[in-house]
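# Return a 3D structure for these sequence lines:
(chains A, B, C and D)
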There are 2 protein chains.
Amino acid sequence: MTDTTHAHRIDEPSALLRAAGLRVTAPRVAVLAALREHRHADADTLIATTRARLGSVSTQAVYDVLKALVDAGLVRRIEPAGSPARYEPHTHDNHHHLVCRTCGRIEDVDCAAGRRPCLDVVDDFGFTIDEAEVVYWGQCPDCA
Amino acid sequence: MTDTTHAHRIDEPSALLRAAGLRVTAPRVAVLAALREHRHADADTLIATTRARLGSVSTQAVYDVLKALVDAGLVRRIEPAGSPARYEPHTHDNHHHLVCRTCGRIEDVDCAAGRRPCLDVVDDFGFTIDEAEVVYWGQCPDCA
DNA sequence: ACCTAGAATGGATTCATTCCATAAAACACT
DNA sequence: AGTGTTTTATGGAATGAATCCATTCTAGGT
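Sure thing, here's the model as predicted:
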């Protein structure tokens, strides 16, 4: 914990919450902090981390916080097949994910050449497409 | 139901099962038939359809059948975020899916120019990638 | 026709998540 | 600083999807 007394840095949890029009509460600040520590954490991990930090929080509080953060666009929720939902700070950079089939490890990947993949669909069935989500499945070095 | 007495067509449920080294049972045949009728059906739909066809089947039987079919490569399981698992006959054509955020409708899409998307990842973290799964999110014409 | 491995049954159980009513606390306004 | 209104947290129960288990049944080889 760096000593930043009276900090007003724009990337601080409380500042982020205020900027998003959300009330600043201990659970919210703690969940945001936990999200920074654990990349692609699931709810369980975040509950445990938040609980360790605050002494106690209800399970539902963490779920509520996550929902509020996702709705506000501060957090991104991903749901890889076969694993519970994972959460990451929302970076708005359209990155994708690399998932290990064996251990579930997840890493961020930028799309080749920075272009969004396959934006042109041959037949879109009249759909209005707003996002192309890519998941790369494989084995991580530890599991291979 | 077309009248194909003593049929031996290679794409028939029982032939498919035998070719995959699986025993031919009523629930398996019925689930395969149900999968043809309902594109991207979830377990509930398949259970209901199978039950209607056979008179009765246990819920677990259908789940077991689906697992066996998926393991045998006859069926593909997809799990779009926010909805229960969906199943489709496995076509081995590397197609992707278009999902309506509102009603959950799913359509198949071929990747632009038939190429697999973003095969070259900038940094693969040492992973051995075997599949790139793409989900296009949007609104279907009915929901737009 | 018989035997045995594999499949189906019914019942209970897990896991992740959501719903509900009540109690607490954050921010706006004196 | 005190008060009030509205949002948030709590604790407990409930849901939906899927899986586990022991028992019974059956497909298909001998």
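
# Domain-wise, how is chain A divided?
Recorded structural domains for chain A (assignment: automatic domain parsing) are A:13-89, A:96-138.

# right, is the shortest one up against DNA strand C?
No. Among the residues of domain A:96-138, none lie within reach of DNA strand C under Cβ under 7 Å from any atom of the strand; the closest is 10.5 Å away. Quick note: C-beta positions are derived from backbone N, CA and C, even for glycine.

# Start and end of that domain, how far apart?
Across its full length, domain A:96-138 reaches 14 Å end to end, with Cα to Cα, to the nearest Å as the criterion.

# Which strand or helix spans the spatially most central residue of chain A?
With distances taken as Cα atoms, centre = their mean, chain A has A:E88 as the residue nearest its mean C-alpha position (1.5 Å). Mapping A:E88 onto the secondary structure by DSSP states H and E places it in strand A:86-89.

# which residues of chain A score low on pLDDT?
A:1-8, A:111-120 (pLDDT under 70).

# How about the residues of it by chain B?
Taking Cβ under 8 Å from any Cβ of the partner chain, the part of chain A that reaches chain B is made up of A:77-79, A:81-82, A:85, A:96, A:98, A:100, A:107, A:109-112, A:117-141, A:144.

# from those, which ones fall inside strands?
A:77-78, A:96, A:98, A:100, A:107, A:109, A:128-139 (DSSP state E).

# What subset of the residues you listed is buried?
A:77-78, A:96, A:98, A:100, A:107, A:109, A:129, A:132-139 (16 or more other Cβ atoms under 10 Å in any protein chain shown).

# can you tell me which residues contact A:A26?
Listed by Cβ atoms under 8 Å, 6 or more residues apart in numbering or on different chains, the contact set of A:A26 reads A:L54.

# Identify whichever of the domains of chain A lies nearest to B:G55.
With Cβ to Cβ as the criterion, B:G55 lies closest to domain A:13-89 of these, at 32.7 Å.

# what about that closest one and DNA strand D, touching?
Yes. Under the criterion of Cβ under 7 Å from any atom of the strand, domain A:13-89 makes contact with DNA strand D via A:22-23, A:25-28, A:56-58, A:60-61, A:64-65, A:68.

# Most widely separated two among those residues?
In the residues of domain A:13-89 next to DNA strand D, two members sit farther apart than any others by Cβ to Cβ. They are A:L22 and A:S56, at 21.5 Å.

# who's more crowded, those two?
In this view A:L22 and A:S56 are compared by other Cβ atoms under 10 Å in any protein chain shown, and A:L22 has more residues nearby, 17 against 8.

# how close does that one sit to A:D64?
If you measure A:L22 against A:D64 using Cβ to Cβ, to the nearest Å, the figure is 11 Å.

# for chain A, what spans make up the helices?
With DSSP state H, the ranges of helices along chain A come out as A:13-19, A:26-37, A:43-54, A:59-71.

# from those helices, which stretch is densest packed?
Among the helices of chain A, ranked by average contacts under mean count of other Cβ atoms under 10 Å in any protein chain shown, first place goes to helix A:26-37 (a mean of 19).

# and the angle from it to helix A:59-71?
70 degrees (axes from the mean of the first three to the mean of the last three Cα atoms, to 10 degrees).

# Could you measure from A:A48 over to A:L17?
Per Cβ to Cβ, A:A48 is found 22 Å from A:L17.

# meant to ask about A:R39
Counting by Cβ to Cβ - A:R39 and A:L17 are separated by 21 Å.

# what does A:V29 give?
Here the distance between A:V29 and A:L17 works out to 7 Å (Cβ to Cβ).

# Hmm, A:A61 is touching A:P27, no?
Yes. Using Cβ atoms under 8 Å as the test, A:A61 is close enough to A:P27 to be in contact (4.8 Å).

# about what we covered before: overlap in contacts, A:V29 and A:L17.
Any residue near both A:V29 and A:L17 by Cβ under 8 Å, 6+ apart counts here, and not one turns up.

# I'd say A:L35 and A:H90 touch.
No. The pair A:L35 and A:H90 fails to qualify as a contact (Cβ under 8 Å) at a distance of 9.8 Å.

# So for those two, which residues contact both of them?
A:V75.

# looking at it, A:L17 is touching A:P27, isn't it?
No. Contact between A:L17 and A:P27 fails when scored by Cβ under 8 Å: they sit 10.9 Å apart.

# All good on my end, thank you.
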